[in-house]
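Chemist: What shape does this take:
(one chain, ligands or ions: 1)
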Amino acid sequence: MPINTMTEELLWRETALCAQAGPDFFFPAPGSSTREAKQLCNACEGRVACLEYALTHDERFGVWGGMSEKERERLRRSRSGRR
Ligand code: SF4
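Modeler: The predicted structure follows:
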């Protein structure tokens with residue numbers, strides 16, 4: 001991947017609200033609520049880019065871009081079904 005493309009792809013991390021929260025907040029134990037993490041994501045400027053990054057890089061764990069693992073998997077399947 002060219003450096004400029006990689007830099008642009010990761011720019012959303014500069015404004016990531018989760019950087020101020022601990023990792024447990026976004027990687028809760030199985031069965032724990034993800035509601036608070038999702039609320040923070042909804043206020044985050046980089047939410048869309050973060051979600052696309054997680055989908056592109058097949059991130060399987062935690063909340064990314066306001067979506068849980070299961071929600072991202074559903075989105076991934078619905079997108080692949082559209083093609
Ligand atoms: S959308 Fe959520 S997980 Fe992604 S950078 Fe923002 S706060 Fe972090």
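Chemist: give the contact list for the residue most central in space within the chain.
Modeler: Closest to where the C-alpha atoms of the chain average out (CA atoms, centre = their mean) is Trp64, at 1.8 Å. Counting by CB atoms under 8 Å, 6 or more residues apart in numbering, Trp64 makes contact with Phe26, Cys41, Cys50, Leu51, Tyr53, Ala54, Arg72. All C-beta atoms are positioned from the backbone trio N, CA, C, and that covers glycine.
Chemist: Hmm, the last one is touching Tyr53, no?
Modeler: No - distance between Arg72 and Tyr53: 11.1 Å, which falls outside the contact criterion (CB atoms under 8 Å).
Chemist: quick one: which of those two has more around it?
Modeler: Using other CB atoms under 10 Å as the criterion, Arg72 and Tyr53 rank with Arg72 on top: 21 against 17.
Chemist: Contacts only, for that one.
Modeler: Arg72 neighbours (CB under 8 Å, 6+ apart): Leu51, Ala54, Leu55, Glu59, Trp64, Gly65.
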